[in-house]
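[1] Structural data only, the sequence is not supplied:
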C-alpha cells in the first residue's frame, strides 16, 4: 500500500486482490469510480439509497448521517469511508 492509502476495499465474488482506498477519496463510491468500477448512484449525499451495497466484512464511517434507510449489513457507498479493510458486495 502507498503512503496515501488508508484502507483496502475488496469486492466480494471477484478475483480482485483488493483496491486501495486513497486518502484523497471522499467516499467508497469515488474510490470505486477511480478504479473504473461502475456503481449505480443518484444523489451522492445519502438521500436516495441507490448506491446501497452489502457490507460483508469490516466497518465504515459516514461523512454525514444518511437520510436513506440503511439496514444492518448494508452501506451507502456515496457517503461512507472504510475504517480499515472492508469487503463489499455490489
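    Received it, and whenever you're ready, just let me know what you need. Source: prediction; values computed, not measured.

[2] With residue 13 as the reference, measure out to residue 62.
    For residue 62, the distance to residue 13 equals 25 Å [Cβ to Cβ, to the nearest Å]. In short, each C-beta sits where N, CA and C put it, glycine included.

[3] More neighbours: those two, which one.
    Applying other Cβ atoms under 10 Å to residue 62 and residue 13 shows that residue 62 carries more neighbours, namely 15 against 9.

[4] The more buried one touches residue 82, doesn't it?
    No - taking Cβ atoms under 8 Å as the contact criterion, residue 62 and residue 82 are not neighbours in contact, 11.5 Å apart.

[5] Contact partners for residue 21?
    By Cβ atoms under 8 Å, 6 or more residues apart in numbering, the contact set of residue 21 is 5, 6, 7, 8, 9, 28, 31, 81, 82.

[6] would you say the third one is within a strand?
    The reference is to residue 7. Yes - Residue 7 sits within a strand when classified using DSSP: H, G, I helix; E, B strand; the rest coil.

[7] I'd say it and residue 84 touch.
    Yes - Residue 7 is within contact range of residue 84, at 5.4 Å (criterion: Cβ under 8 Å).

[8] more neighbours, the two?
    In terms of neighbours (other Cβ under 10 Å), residue 7 is the more surrounded of residue 7 and residue 84; the figures are 22 against 12.

[9] Return the helix or strand in this structure with minimum mean pLDDT.
    Taking all helices and strands of the chain together, the one with the lowest average confidence (mean pLDDT, DSSP states H and E) is strand 5-11, at a mean of 89.

[10] Pull out the buried residues from that strand.
    By neighbour count on 16 or more other Cβ atoms under 10 Å, the buried set for strand 5-11 is 6, 7, 8, 9, 10, 11.

[11] ok, the nearest residue to residue 31 once chain neighbours are set aside to residue 15 distance?
    Take residue 31 and drop its neighbours on the chain: the residue closest to it by Cβ to Cβ, 6 or more residues apart in numbering is residue 25, 4.3 Å away. In this structure, residue 25 and residue 15 are separated by 23 Å, where distance is defined by Cβ to Cβ.

[12] Among those two, which residue is more densely surrounded?
    residue 25 (21 against 5).
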